[in-house]
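Build me a structure from this.
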Amino acid sequence: MSEISTLSILQQLDRQRLKENPYSAHSLLDADENTRRQYCALLFMALQSHSPISEQQQRMLQLWLPAIGMGGKQAEFCQMAVKLGQDGLAEAINAVRDAGGNYCFMLDCLVFSRVNGPLSQQQVTLFETLGQMLAIGQAQMTTIVYITCEVLGITDDKQSQPELKIGVNDIAVWREFLDAYVDKLRAELVKWSSENSISIGSAPYQIKQLELTIQLDAYYGKNSIRPFPAGLSLLKNLVCLKFDSQYITSFPDISILPKNICELVIGGNGRISELPVSLCQLKKLKKLYISDTYLSNISEKILIFIKQNNIENTISESRFIKGPK
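Below is the predicted model:
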């Protein structure tokens, strides 16, 4: 009697899962093809830098690649990864940054790498360096490590819950494994809204109710509200956001802003002095009203984004610089 192959059974189950219940759409599914190719090649380079892709990683990649619109292209990305390891790394990193894939890329790296077991010191060094190149702060990195443990069900090296800094936009492909994390985002948002007397949804504030919120007005008489929690990203149908707080002194992290925002109104109490290039990821933005009193050295990429999309704005062109920032 021939032996039954466990791997063969698992591969059949994976193929069936692809038909019935694939991974959720990746955060960058709507990005252009070149960006997604560069993203995948960079991921494969990071994975193969330590060891060949394992059977467990292979199984996960078969489910993950279709979620980013790149199903069946693993061999191609393995070849691209080898080339990236020799040349072209800067182009790939810039493509990931420009698409706003910083956080989701690092999460993908850690999930795929950690599934094989604890990271080696070489891997830790590589991911720390990539994190620096992608401008991922320590607080965000700590949250990404926490999310990785949630996805993989790791408890032996899981830290206590950190301050949550990553919104739902960047965890989309892994969301089915992150019900507990998403509920913590919801709880933080509800707590923030109560403490700052901001109206969102209605009790008992379940996610479907929160998603009905289309406007969050924290402008007049709200100059003391605290910075937005990552749970703000749960308001996926939010189209208008207004605020003018002395405690919000920098532009909100793009990871926590709902992607459907059409109108942003920001007062001068926070003395915001910089606008990040990641602002360009708000593809549906039509109005940007912000006090430009303290703004300076804004990247020309933002100016081009504003003009190409005919965005109404209150920013003087003298606040922009020529060339990338």
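
Next, count neighbours for the closest residue in space to Q122 that isn't next to it in sequence.
Excluding the flanking residues, the one nearest Q122 by CB to CB, 6 or more residues apart in numbering is H50, at 6.4 Å. From N, CA and C alone the C-beta is placed, and that goes for glycine too. Residues lying near H50 (other CB atoms under 10 Å) number 13.

Pull up the gap between H50 and A41, please.
16 Å (CB to CB, to the nearest Å).

if we can go back for a sec, what helix or strand does the residue nearest to Q122 sit in?
Using DSSP states H and E, H50 sits within no helix or strand.

In this structure it contacts T125, no?
No. Counting by CB atoms under 8 Å, H50 stays clear of T125, with 10.8 Å between them.

all helices of the stretch 101-250 of the chain, in order?
Taking DSSP state H, counting those that start in this stretch, the helices of the stretch 101-250 of the chain run over residues 102-114, 121-133, 138-152, 179-195, 207-210.

buried ones in the shortest one?
If you call a residue buried by 16 or more other CB atoms under 10 Å, then helix 207-210 has these buried ones: I207, L210.

got it, and stretch 105-118?
In stretch 105-118, counting by 16+ other CB under 10 Å, buried: F105, M106, L107, D108, C109, L110, V111, F112, S113, R114, V115, N116.

Report the contact partners of the closest residue to the first one other than its chain neighbours.
Just to be clear, that refers to F105. Nearest residue to F105, sequence neighbours excluded (CB to CB, 6+ apart): V96, at 5.3 Å. Neighbouring residues of V96 by CB atoms under 8 Å, 6 or more residues apart in numbering: T35, Q38, Y39, L42, N102, F105, L134.

and I261, what is it in contact with?
Counted by CB under 8 Å, 6+ apart, I261 has contacts L238, V239, C240, L241, L282, K284, L285.

The helix or strand V82 falls within packs against which elements?
Using DSSP H and E, V82 sits in helix 74-84. Secondary-structure packing of helix 74-84 (3 or more CB pairs under 8 Å, 6 or more residues apart in numbering; DSSP states H and E): helix 33-48, helix 55-67.

If you compare the directions of that helix and helix 55-67, what angle comes out?
Angle between the axes of helix 74-84 and helix 55-67 is 100 degrees (criterion: axes from the mean of the first three to the mean of the last three CA atoms, to 10 degrees).

Check which element follows helix 74-84 along the chain.
Assigned by DSSP H and E, the successor of helix 74-84 is helix 89-98.

between that next one and helix 74-84, how big is the angle?
Using the same axes, to 10 degrees: helix 89-98 against helix 74-84 is 120 degrees.

Can you list the buried residues in helix 89-98?
Buried residues in helix 89-98 (16+ other CB under 10 Å): L89, A92, I93, A95, V96, R97, D98.

Over it, what's the mean pLDDT, rounded is fine.
For helix 89-98, mean pLDDT is 92.

just stretch 223-241 next, same as before
According to the model, stretch 223-241 has a mean pLDDT of 96.

Pull out the buried positions in it.
223, 225, 227-235, 238-241.

now do stretch 250-261
F251, P252, D253, I254, S255, I256, L257, P258, K259, N260, I261.

Can you name the two of those that sit furthest apart?
Spatially, the most separated pair among the buried residues of stretch 250-261 is F251 and N260, at 17.8 Å (CB to CB).
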